[in-house]
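Novice: Model the following, please.
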Amino acid sequence: EAARSLDERAAKQGINAIMPLCGLPIPMKGTAAVVEYPSGSGSGVLSGYVPIRNSLLTNLIIDRNGLIFGCTNVPEFAASYTTANAASGTTRNPYNPLLTVGGSSG
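Specialist: You can find the predicted model right below:
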């Protein structure tokens, strides 16, 4: 719906009307508050928590015409270098499931 709306606006007003992000799809880190998505910071205690308001970063992306499509898996409270956590498990490398994706945003 949001992408369609941006397409219509760009068709009517030109591409500059939807700058600077022009509908770029963006996954948010699981520690960022996004109203439509559970973002429990990888914690079992916060599992299923859905924020009542967006974080500043989320609002900046939306205000600049980025399209947020979900939240990534993160280690509990982003306190590790892999995405393993008790709430969601480990994010695996799609090319080799024996490996993690590496980094804290899986």
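Novice: can you pull out the helices in this protein?
Specialist: Applying DSSP state H to the chain gives helices spanning 2-13, 56-63.
Novice: Give the rounded mean pLDDT of the shortest one.
Specialist: Averaged over helix 56-63, pLDDT sits at 96.
Novice: Equivalent analysis for the longest one, please.
Specialist: Per-residue pLDDT over helix 2-13 has a mean of 94.
Novice: What residues of that helix count as buried?
Specialist: Buried residues in helix 2-13, counting neighbours by 16 or more other CB atoms under 10 Å, are found at 6, 10. C-beta here means a position set from N, CA and C on the backbone, and glycine is covered the same way.
Novice: returning to that earlier point: any chance of the helices of the chain in JSON lines, plus distance to residue 70?
Specialist: Listed next are those as JSON lines, based on distance: least, CB to CB, whole Å:
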{"stretch": "helix 2-13", "distance to residue 70": "13"}
{"stretch": "helix 56-63", "distance to residue 70": "12"}
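Novice: between those helices, which one is nearest to residue 33?
Specialist: For residue 33, the closest of those is helix 56-63, at 6.3 Å, according to CB to CB.
Novice: The closest one to helix 2-13, inter-axis angle?
Specialist: Angle of helix 56-63 versus helix 2-13, following axes from the mean of the first three to the mean of the last three CA atoms, to 10 degrees, is 40 degrees.
Novice: Helix 56-63 - contacts with which helices or strands?
Specialist: strand 25-28, strand 67-71 (3 or more CB pairs under 8 Å, 6 or more residues apart in numbering; DSSP states H and E).
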